[in-house]
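*Asks:* Give the three-dimensional model of this entry:
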Amino acid sequence: MGKKKKIPVEDLIIPPQDQRICGTICVCQMTLVLSSVALVYLTVAIYMPSTRAFQSGIDENPVMCTTTRNARPDSADWCSCGEWCLSKTSGGGCNQIYVNLRNNGTNLTFQNCTNSANKTCYGIDQDRADKARCIMDECKNLTGTFNCTEGQCLNITDAFECIFHNTGESLKCSGRRGKITCMDIKGLFSCNRGTCKKIRTPYNCDRRCVDIPTRNKNIVILSGDKVYLSQCQNAINTETQEEVWNESADNVVMVSCFLIKNTSDQVEAVDCINGTVLDKNMLQDLTNFTYLNYMHVAMGMSVPEIAPPDLDLTISNESKLMINLEGCVNTLMDECAFFLKEYGRDGADHNARARFPCFYAPSNKNIVVARFDLDLTYKQFLVASVIPSTLFVVSCLVLLLCQKTIYVGDDAKMRFKGCADTDTILASKNDIANSQRDVTDAGGGDNIMAL
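*Replies:* Numbers count the residues shown, from 1 in each chain. Take a look at the predicted model:
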């Protein structure tokens, strides 16, 4: 049998495509996909939370909250702050912050103030305080007063002075056996070179904040861990512009305020509560932070005209605090860590409790939020709705237009309908020129033959 003839295969030449057409289609397809994904994601991140905010009935005028409890239960159906809304923390592992909810206090202006003094009483900074881990054999040389939890002891010697009478049996934290014994210690301990005794109740631990100058001072403003003292002429209610106190009364005014603004000759205090007055002879030249708080609460005579008692302003004794209506954020910037550090101070470490503006709905006093801004929510909703929706519609229309106006020729090249293609025109011109040349050549040959 003879060999089969090999049929030659013609190489197909695909002409280059118009970059404008291809680029337009690619950009529109990419825009369509991205805008579709954005609309799906923004439904959970923006549209649904915004709708809840519009329908929540929360008053935009803030009130005041004071943290009363910061719990971390084993199981929880809500969290004060979650780091990612699409996968909220469920079960254990989240903090629950409870607050006291009340109306705003009085804004005061103290005029013609001189001889001012400012004292900050630092407590324990949990992040920077010295900590000893007994599991690492760091408790063998403990000396001072320590607050221990599950084998980790926090040194509170420099921040607090504890008075106690009853102690437990000696517990030695040095050596192998001592390290194992101290791994589970819990409570307040008095230690000397690794030998610790548990401090039993009753005991009293006061902050070491002494030498607060009260001589020639007639106003004392407490603001968290800060104390502001001055000699002022009078006190004015900022809202009503009425004088609520004058130095002619020859006594000392004490108030607890959220914020203090000090200018050259006057002091502006925001959200003041528990206004009281003391006799001047009840304060010596120097005092300490604990005694000032005791005098303010137990010994002062309440004067609601200066600043109302907090009990008269209370809306709810215990409400759930959330960072927003969702109880979560989507920025992934550790916002919850900062939130818990700022708003989770419940006074358990003998520091001042967190005090801050918050928002609530009169129909639901059990839940308060730290962040609420309807104007900002509306702007975010508008931007998140208009931009991706516009891109989605425009990209769809352009792709539909391309489908109607672009066709693929026999040479696999995309062209606009009704538009002449440059390559086609050139090819036609070349074909016409070649035809004319062939005719001319054929006429010349015939003449030669005739001759």
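*Asks:* Name all residues that make contact with the nearest residue to Cys85 once chain neighbours are set aside.
*Replies:* Of all residues not flanking Cys85 in the chain, Cys328 sits nearest, at 4.2 Å (Cβ to Cβ, 6 or more residues apart in numbering). Backbone N, C-alpha and C define where each C-beta goes, glycine included. Taking Cβ atoms under 8 Å, 6 or more residues apart in numbering, we find Cys328 in contact with Cys79, Cys81, Gly82, Glu83, Trp84, Cys85, Lys88.
*Asks:* And Cys328, how far from Phe339?
*Replies:* Distance, Cys328 to Phe339, using Cβ to Cβ, to the nearest Å: 11 Å.
*Asks:* which one's the longest helix in the protein?
*Replies:* Determined from DSSP state H, the single longest helix within the chain is helix 374-405.
*Asks:* Okay, domains of this structure per the record?
*Replies:* 15-29+374-437, 59-102+319-371, 106-122+212-307, 131-207 (automatic domain parsing).
*Asks:* And the ones you listed: which comes nearest Leu42?
*Replies:* domain 15-29+374-437 (4.8 Å; Cβ to Cβ).
*Asks:* Not counting the helix or strand Cys336 falls within itself, show me its contacts.
*Replies:* Using DSSP states H and E, Cys336 sits in helix 335-343. With contacts defined as Cβ under 8 Å, 6+ apart, helix 335-343 is touched by 67, 70, 80-83, 95, 97, 321, 323, 329, 354, 356, 370.
*Asks:* Where among the domains of the chain is average confidence lowest?
*Replies:* Lowest mean pLDDT of these: domain 15-29+374-437, a mean of 77.
*Asks:* residue contacts, Phe160?
*Replies:* Contacts of Phe160 (Cβ under 8 Å, 6+ apart): Ile124, Thr145, Cys205, Asp206, Arg207, Arg208, His350.
*Asks:* May I ask which of those has the most neighbours?
*Replies:* Thr145 (23 neighbours; other Cβ atoms under 10 Å).
*Asks:* which residues does that residue contact?
*Replies:* Asn155, Ile156, Thr157, Phe160, Cys162, Leu188, Phe189, Ser190, Cys191, Ile199, Cys205.
*Asks:* Among these, which one sits closest to Leu229?
*Replies:* Phe160 (22.8 Å).
*Asks:* any idea how far Val27 is from the closest one?
*Replies:* Phe160 is 66 Å from Val27, by Cβ to Cβ.
*Asks:* what does Ala76 give?
*Replies:* 47 Å.
*Asks:* Compare the two (neighbour count), which wins?
*Replies:* It is Ala76, of Ala76 and Val27, that has more neighbours when counted by other Cβ under 10 Å, with 17 against 12.
*Asks:* How is the more buried one classified with respect to secondary structure?
*Replies:* coil (DSSP: H, G, I helix; E, B strand; the rest coil).
*Asks:* what's it sitting at in phi/psi?
*Replies:* Main-chain torsions, Ala76, degrees, to the nearest 10: phi -150, psi 140.
*Asks:* you'd agree it is up against Cys94?
*Replies:* Yes. Counting by Cβ atoms under 8 Å, Ala76 touches Cys94, with 5.6 Å between them.
*Asks:* Need the residues touching each of these two.
*Replies:* Joint contacts of Ala76 and Cys94 (Cβ under 8 Å, 6+ apart) do not exist.
*Asks:* Name the residues of stretch 334-351 that come out as buried.
*Replies:* Glu335, Cys336, Phe339, Leu340, Tyr343, Gly344, Arg345, Asp346, Asp349, Asn351 (16 or more other Cβ atoms under 10 Å).
*Asks:* To clarify, my last question referred to stretch 279-293.
*Replies:* Neighbour count says stretch 279-293 has Leu283, Thr287, Asn288, Phe289, Thr290, Tyr291, Leu292, Asn293 buried, by 16+ other Cβ under 10 Å.
*Asks:* Over to stretch 38-51?
*Replies:* Quick answer for stretch 38-51 (16+ other Cβ under 10 Å): Ala38, Leu39, Leu42, Ala45, Ile46, Pro49, Ser50.
*Asks:* How about Cys22: what's its closest non-neighbour residue?
*Replies:* Closest to Cys22 by Cβ to Cβ, 6+ apart is Met414, at 7.5 Å.
*Asks:* got the phi/psi numbers for that neighbour?
*Replies:* phi -80, psi 140.
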